[in-house]
Every structure is written in structure tokens, then in C-alpha cells.
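Asks: I would like the atomic coordinates for the input below:
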Amino acid sequence: MKKRSGKFFVTMFFALLVLYIAGCSEDTEKTKTQDENIQTIEAVLENTFTGPDDELKQIWESDVEEKVKAIGPYTEKLFKDYFTENAYLEYTGTYGTTFLLQAHLSDYKLELKKATYEKTKSEEDIYDFSVQIDYQKEGSEQSEVEVLEGQANLNDEHKIEEMIIRNAGDFLVPVTTRILSNYRYGSCTSFFK
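Replies: You can find the predicted model right below:
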């Protein structure tokens, strides 16, 4: 009888150990998926809110034909790998390099300083995010801070299916107002030369 109970406990121990390891690997897989999703969102936000870089400035300062030829490949390089096809077209048509263009036209530099991410309680891969953006007039020592919030929905391949930036207009309106005011007084050049 003692031999049997010993074998029983050894068998139960190994069965529980296997279940424990399987459970831990599932948690590890969920964490890995979350990390990959956050890396995707972070890359898009970094590309949206940091710059403009010299390459983009050069594109915008070129003539219309050159702009048209160059902006597509530049935008693809920044965003295409992170989105599904439809989401890529929607995002670049809505946001894309809009923030960087506004910053460039008013001689500002944007920098993503801090971002937080939180997975929603949904069974789908949906994340709320908040970003802190510093924007600084070129040549100035002082910078201002804006906080924007949004949401990104990702698929199983860690590609964004939909992404919104909720209070983007609150950030763009003051920047656009500065641009229009500069334009009226002749100190801002038009995007289309």
C-alpha cells in the first residue's frame, strides 16, 4: 500500500508541475503579446510626435512635384509596417505627418517625452494611451507641454487595425492659429510653393 501511495503522490506531483508550467507559459505568452502590441503603438506615436527631421523638412521645402513623389515613401517608412492596409490609409490620411507639418510651418520641434499604455478590459487587443509631447520654438530655450490621449486596436499579428487620437484638435488648433497669424503677416511660407 505504501508503494502505491508513493507512486500516486509522485504522479500527482508531476501532473501538477506540468499544469503549473503550462499556466505560467500562457501568462508569459500574454505578456509577450502585450509587449509587442505596446512596441507597435509606441513606434507609431514616436514617429507621429517627434520631429520634423531634416529629411522631412527638405521634402516640404521642395517644389510640388518633388513633394508629391517623396512624401509617400517617407510616410510608408514611418508607418506602413505597423498598420493593416486599411488602417494605414486611414491613419496617414487623418494624422500621419500632420503634427510634424504644423510644427515645421511654425518653426517648432516636437518630442514625445512620455507615454503610458493600458490594455482595456475587452477580450480584444485594445489599448488606451496617453502621451506627453514637448513642443519648442526653434532657437528658444523654453518648451511647452501638451498631453494627448487615444486608443489603438490591434490584431493577432500586432498590427494596428484602428487608432484614434482623441483630443488632437485641441493641440492642432493653437498651432494652426499661430501659423495663420504668421502667414497673414508674411513670415510663413506656404506648403505649396
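Asks: residue 164: neighbouring residues, count only.
Replies: If you count neighbours by other Cβ atoms under 10 Å, residue 164 ends up with 14. The C-beta positions use only the backbone N, C-alpha and C, and glycine is treated the same way.
Asks: now it: which helix or strand?
Replies: Residue 164 is part of strand 160-165, with elements assigned from DSSP states H and E.
Asks: and that strand, what's buried?
Replies: 160-161, 163, 165 (16 or more other Cβ atoms under 10 Å).
Asks: and it, C-alpha only, in CSV?
Replies: Output of strand 160-165 as CSV, limited to C-alpha atoms (Å, rounded to 0.1, in the frame of the first residue of the first chain):
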residue,chain,number,x,y,z
ILE,A,160,-3.0,48.4,-35.7
GLU,A,161,-6.5,48.0,-37.1
GLU,A,162,-7.7,51.3,-35.9
MET,A,163,-6.1,54.2,-34.0
ILE,A,164,-7.6,57.5,-32.8
ILE,A,165,-6.1,60.4,-31.0
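Asks: doesn't residue 100 lie inside a helix?
Replies: Yes. Per DSSP: H, G, I helix; E, B strand; the rest coil, residue 100 lies within a helix segment.
Asks: residues contacting it?
Replies: 48, 51-52, 56, 110 (Cβ atoms under 8 Å, 6 or more residues apart in numbering).
Asks: under the pLDDT cut-off, which ranges of the protein? List them.
Replies: Filtered on pLDDT under 70, the chain yields the residue ranges 1-33, 172-193.
Asks: now the helices for it?
Replies: Under the criterion DSSP state H, the chain contains helices at 2-49, 54-61, 64-79, 85-94, 98-105, 168-184.
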